[in-house]
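Trainee: only geometry, no sequence info:
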């Protein structure tokens, strides 16, 4: 074989079909006798349902059925479950109010489903949906998490007094308080981590079908983890055995977290397909996505950092209110706790950390994991505090970080995680070089000569990926395992199909994973196909999120490959009349060590399927192996981002002029794909800091309900990125990989806000730093 | 989208006649606003009269004094026209700033003016250049055309056929874009006509409007400093998530100053 495939910039195998319109997305699946669903959604944020009259809709042309919450209740379907149990500081489990698939008695956020119309065509369904007459008794609403526990605030759920889901804490509060009392300097910030709305290019879609022949269901759905979707839907909602339900999530056009969850629409179309004995398809319109896909972030945080007179960190104290929306989405409870507070050590030796999180219900769309999920919020806390502390203590931003870097590994943080490896000086050094920090004063001068303000900001992030050791997750409240499964099927002539429980919805697994397989087996990438996203093909899977695919899913495949090679050696030993221990495998060839006796991989595969000359007494025919992999620890990608902005003080427009990113993702399989992931992550992070922010008014109306008002960044909003990597291989998986999908979105917001506040000469500015916000901040500074 | 009857007349008189037949008919030009509203079910016309096949409505004519643009000329046609770029570069530049590439390839001058979106770009040029709007029923002076939010002087069934822009001595348009929609939060068109200066603003009020104080100052001296210190009162200006009335008022001054700078280049 030629050059090694690990580390090769191989073009994405899947792009041909995506770019030529040959992808098969959920909406592309149209089944015989297809019907179409349209949901009636409440325009009110909080209201009693006095009556839902479906008579006119039922009589409309083409309408097959109209179902309401009453029908769902009569069918005894359960509500949507939450997959992670958080225990309150008072020892009680978190409050889990019912989350009905169609509203029953009350609606709690704009966009909640009141009824569903199923008709012969999509237009007929939508026309009839307008004829469903709902009598609402509108109630006062609360949308802002900071107001949810205020006296007299509207109450959403009987089961959750004071709109409180839980109060959770981590760390030694008394020790932290004592350290603060003795500190030479304390830096304090009080900010909102803005609510974001995911915007995958493919909206959510689901097509449920029922077969009378064997009493089974098939659900085609735009999902990031079809097996978990099936588990939650069958076991917790519909009471069905799993072998009667197949979930297919073929090509999926982006997820960013929003397609991890079990959604009500998926349940409704699956259930309705049996009622009508016809397939039922629903595809969200973009405006529907805005009020029905789980949102991200939405924290209010008060954060403090205590230091000695030299800028050495002594302790951190963080208090966060997390707005989880109207209901608990699938992983809503672990995002602002387990995936957030455990990252507050960052890259630093801060010995004492305490974090208290209060999760509150509000009349808004449920909030769940969104690219980074808890870790961008944690990084924002740490890196805004550190940069602000540097300015207050007149220290260079790199210097204060270097003073506090962790340099001995493994390192046990005070917030539960055990970092296996890292080299934070290496990424900082490389980022400073890439950013030409030395040339910054001259660039600042040039900007000032044009009447512009220039600023520079750093963020040195860390994330915990490779989610997760199941035992650890279980002890922290996870209601599912977090291993991954893989299967390697060698065909008789030696080509390979690999089945993975990871799910690709844009990440390029079909290429990356094929490179791993082809590299291990010593064959061409073209001879390897990766199959994912179908519960009837893949033995099991926990899906893709938390930058876990290569670290956990990739490792499961490697373990299966090891079994293939071990069996191949047995077959080869028989064919070559040698001892099994003497067989070596390299570059696609089984060889008797020290001789020229050999069999190719294809010859061995053929022997396994045409076993005329075969050790039948010792070995089964065939060459097909599967493996499950449960990681022993998280992986810890880390890096340094440095950005420079130029601000037009007349208009408040911020231009991101330079961006240098140096990441340590451990071993890299395909640098081109990794760069693409970094670019995408950085762009989403820049979006959070500069352009994006979901806004609700005090009545719970979403003011940013479309692209007209919700601004995802476009090409001209972002700079041409300078990216590089440094490598400390992960110590506990065979590939040495850590994961790269979320890094950009995790590190970027803090770096950018650090740069903007530097340019403006202010302590803080709210995200997103829109032109109007920058202009107002400058006015306030002038007035002060 | 609700169902509707579709008509595709071959001349403008038939179009006007068809439009007069139904109170809930809508004339379709480029469809970049109307079709979106229909897809969102905010607009449900019984009849759509598509002007796309009427050849007389397209085309651009430039003579010594005027640039005359057909109502169905696409924004991309105006932006890319060598003649317009030469005779009235500010108008070509404005057309090139509307929406995105897809919108510019479909959207039309006539459609934009008839819709009179408060944040549309073309109204600033029409008002700033004192253009004349020709319709199936006569002509309208720019100053009397824009009446309010999505309101114009057009009568029901009246269809714009062309717009004639007098060529100024110098002119420029400066647009401050809504970061999300890329419509104008504030767009200022400044034109030195030779017989005085006109300053028109879009995005700031219910419809495009002129700024008398700035026109006076610039007529006295066509220089950025003439307007840089002129503060606009925020009273009555639009206010939304992206820009308060105060911010818009501030931006009008900044954009006017920059438009004068650009016109002098």
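Mentor: Cool, the structure landed. Since this is a predicted model, take the numbers as computed values, not measurements. Residues are numbered from 1 along each chain as shown, chains lettered A, B, ... in the order given.

Trainee: for the chain, where's the lowest mean pLDDT among helices and strands?
Mentor: Looking at chain A here, since you left the chain open. helix A:470-475 (a mean of 92; mean pLDDT, DSSP states H and E).

Trainee: not quite, I wanted chain B
Mentor: Quick look at chain B via mean pLDDT, DSSP H and E: least confident is helix B:12-21, a mean of 93.

Trainee: Flag every residue of the stretch 51-200 of chain B that's near chain A.
Mentor: Selection of the stretch 51-200 of chain B residues close to chain A by Cβ under 8 Å from any Cβ of the partner chain yields B:176, B:179, B:180, B:181. In this view, the C-beta of every residue, glycine as well, is placed from N, C-alpha and C.

Trainee: One more pass at 10 Å, please.
Mentor: B:100, B:176, B:177, B:178, B:179, B:180, B:181, B:182, B:183, B:185, B:186 (Cβ under 10 Å from any Cβ of the partner chain).

Trainee: among these, which ones are buried?
Mentor: B:176, B:177, B:178, B:179, B:180, B:181, B:182, B:183, B:185, B:186 (16 or more other Cβ atoms under 10 Å in any protein chain shown).

Trainee: how does chain A divide into domains?
Mentor: A:17-139+A:201-254+A:259-292, A:371-465+A:633-783, A:483-629 (automatic domain parsing).

Trainee: elements contacting the very next helix or strand once past the least confident helix or strand of chain A?
Mentor: Per DSSP states H and E, helix A:470-475 leads on to strand A:484-490 as the next helix or strand towards the C-terminus. Identification of packing neighbours for strand A:484-490 by 3 or more Cβ pairs under 10 Å, 6 or more residues apart in numbering or on different chains; DSSP states H and E yields strand A:496-500, helix A:509-521, strand A:528-532, helix A:555-575, helix A:601-609, strand A:624-629.

Trainee: Indicate the residue of the stretch 651-784 of chain A located nearest to chain B.
Mentor: Residue nearest to chain B within the stretch 651-784 of chain A (Cβ to the nearest Cβ): residue A:711, separated by 3.6 Å.

Trainee: which residues does the closest residue to that residue other than its chain neighbours contact?
Mentor: Using Cβ to Cβ, 6 or more residues apart in numbering or on different chains and skipping the chain neighbours, the partner closest in space to residue A:711 is residue B:180 (3.6 Å). Contact analysis of residue B:180 by Cβ atoms under 10 Å, 6 or more residues apart in numbering or on different chains lists A:691-692, A:704, A:706-712, A:714, A:770, B:241-242.

Trainee: What is the neighbour count of the single nearest residue of the stretch 401-550 of chain A relative to chain B?
Mentor: Ranked by Cβ to the nearest Cβ, the top residue of the stretch 401-550 of chain A for proximity to chain B is residue A:451, at 11.8 Å. When neighbours are counted by other Cβ atoms under 10 Å in any protein chain shown, residue A:451 registers 9.

Trainee: same question, residue B:142
Mentor: By other Cβ under 10 Å, the residues close to residue B:142 number 24.

Trainee: Can you name the residues that contact it?
Mentor: Shown in contact with residue B:142 (Cβ under 10 Å, 6+ apart): B:113, B:123, B:125-133, B:163, B:165-166, B:198, B:200, B:208, B:210.

Trainee: rerun that using 6 Å as the cut-off
Mentor: Residue B:142 sits next to B:126, B:127, B:130, B:131 when contact means Cβ atoms under 6 Å, 6 or more residues apart in numbering or on different chains.

Trainee: Just the pLDDT for the closest residue to chain A within the stretch 151-265 of chain B.
Mentor: Across the stretch 151-265 of chain B, the shortest distance to chain A (Cβ to the nearest Cβ) belongs to residue B:180, at 3.6 Å. We have a pLDDT of 96 for residue B:180.

Trainee: and residue A:649, that one's in a helix?
Mentor: No. Read with DSSP: H, G, I helix; E, B strand; the rest coil, residue A:649 is coil and lies in no helix.

Trainee: List only buried entries from the contacts of residue B:180.
Mentor: For the contacts of residue B:180, buried by 16+ other Cβ under 10 Å: A:691, A:692, A:704, A:709, A:710, A:711, A:712, A:770, B:241, B:242.

Trainee: Report the contact partners of residue A:329.
Mentor: Residues in contact with residue A:329 (Cβ under 6 Å, 6+ apart) are A:261, A:294, A:366, A:368.

Trainee: roughly how far apart are the residue nearest to residue A:711 and residue A:258?
Mentor: 19 Å (Cβ to Cβ, to the nearest Å).

Trainee: and the residue nearest to residue A:711, what element?
Mentor: Per DSSP H and E: nothing holds residue B:180, as it lies in no helix or strand.

Trainee: who's in contact with residue B:247?
Mentor: Applying Cβ under 6 Å, 6+ apart, the residues contacting residue B:247 are residue A:772.

Trainee: Secondary structure element holding it?
Mentor: Going by DSSP H and E, residue B:247 is part of helix B:245-264.

Trainee: Which positions within that helix qualify as buried?
Mentor: Buried, per 16+ other Cβ under 10 Å, within helix B:245-264: B:245-260, B:262-263.

Trainee: now swap in stretch B:181-197 and tell me
Mentor: B:181-193, B:197.

Trainee: now it: how far from the chain's centre is it?
Mentor: Its chain's C-alpha centre and that of stretch B:181-197 lie 11 Å apart, by Cα atoms, centre = their mean, to the nearest Å.
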